[in-house]
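Student: Have a look at this prediction, sequence included:
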Amino acid sequence: MENKVGYFRRNFFVPLPTVTDVQAFNQELLSRSEADWKREHYKKGVTIERLFEEDRRAFLYLPKSRFAVCRYVRLKTDGYGKFQIDGKHYYSSAPEWAGREIVVRIGAHTVEPLKPDGEPISVHIRHFGKQRTDIIDVRTTLSRLMHSPGAWRNSVVRKELPEKLKSDMDALERAELKEALRIMQELSARYGFETAVKAMEQASRLGRLTSANAGVLAARLASFEPQETAPVDLRIYDAMLEAAVSMQ
């Protein structure tokens, strides 16, 4: 075992790699390790891949359900539905879970606040390090903006919008802006933020940014599935034209 660890260290970790995505790096290591099985075993005279296949035939079956490598903790959310883990890292659940105790599933790579039935409220990439991080959730941000429309100009949501919709919402009065944010929050919850923004942009271009118009457009965008157009062979018409010309 120690010799194998040394082999991997010398061949896969020298020079010291820079890792920005642990999961992607682990997948790359697995692929490189499997490719390394093609070499011949130093003592047995056959490939490591063949030896592994012989061992595999003696394996016992694994459980059907995947083992969850994680821990569960109970945490209290703040007034915006956010919670804190590892000292300086903040994650969001959803506005309706603000100020409540929830169960959070913490894995090596993900953080998942859970509903009472065990279903995830949201899923976040887990952050590490000494610097504070604050994971932005559109629903939470929109909920905050509805209560404080004055923060619209400096909001993350505004920065994500296309220029036309952004300028149109900038021109709205406070009550109108609050209504537009309500529409965006409602459509985001039902169809997703990207679809909500596209629908509101189209409604804005038509000159009627209302809940009814944006809702119809969002439903259409969410349900529309572009169909592939069957290729049309026009050579038969070319042949007919050529034949007609030759007869003249």
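Tutor: Thanks, I have it. Numbering: from 1, shown residues only.

Student: rest of the way, CA atoms for contacts and neighbours
Tutor: Noted.

Student: Confirm that residue 91 sits in a strand.
Tutor: Yes: with DSSP: H, G, I helix; E, B strand; the rest coil as the criterion, residue 91 is located in a strand.

Student: Look at it and say how many residues are nearby.
Tutor: 25 (other C-alpha atoms under 10 Å).

Student: Quick check, it in contact with residue 84.
Tutor: Yes: if you go by C-alpha atoms under 8 Å, residue 91 and residue 84 touch, sitting 6.4 Å apart.

Student: contact partners of the strand or helix carrying residue 139?
Tutor: For residue 139, the host element (DSSP states H and E) is helix 138-147. Residues from elsewhere that reach helix 138-147 (C-alpha atoms under 8 Å, 6 or more residues apart in numbering): 80-81, 92-95, 151-152, 157, 178, 181-182, 184-185, 188-189, 193.

Student: same deal with stretch 156-175?
Tutor: 138, 141-142, 149-150, 152-153, 177, 180, 197, 200-201, 204-205.

Student: buried residues in that stretch?
Tutor: Of all the residues in stretch 156-175, those buried under the rule 16 or more other C-alpha atoms under 10 Å are 157-158, 161, 165-166, 169, 174.

Student: measure stretch 55-69 end to end?
Tutor: End-to-end distance of stretch 55-69 (C-alpha to C-alpha, to the nearest Å): 26 Å.

Student: Let me see the mean pLDDT of it.
Tutor: Average pLDDT, stretch 55-69: 88.

Student: try stretch 98-113
Tutor: For stretch 98-113, the per-residue pLDDT averages 94.

Student: quick one, longest helix in the chain?
Tutor: helix 174-191 (DSSP state H).

Student: got the angle for it vs helix 138-147?
Tutor: Between helix 174-191 and helix 138-147, the angle formed by their directions is 160 degrees, by axes from the mean of the first three to the mean of the last three C-alpha atoms, to 10 degrees.

Student: centre of the chain versus helix 174-191, how much separation?
Tutor: 22 Å (C-alpha atoms, centre = their mean, to the nearest Å).

Student: Report the buried residues of the helix or strand that it is followed by.
Tutor: Downstream of helix 174-191, the next assigned helix or strand under DSSP H and E is helix 193-205. Buried residues in helix 193-205, counted by 16+ other C-alpha under 10 Å: 193, 195-204.

Student: again, but for stretch 100-116
Tutor: Applying 16+ other C-alpha under 10 Å to stretch 100-116 flags 102-106, 111-114 as buried.

Student: mind giving me the domain split of this protein?
Tutor: Domain assignment for the chain by automatic domain parsing gives 2-56, 70-135, 139-223.

Student: of all those, which lies closest to residue 236?
Tutor: domain 139-223 (36.9 Å; C-alpha to C-alpha).

Student: Whichever of the contacts of helix 138-147 end up buried, select them in ChimeraX.
Tutor: Buried residues within these, by 16+ other C-alpha under 10 Å, are selected in ChimeraX with:
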select :80,81,92,93,94,95,152,157,178,181,182,184,185,188,193
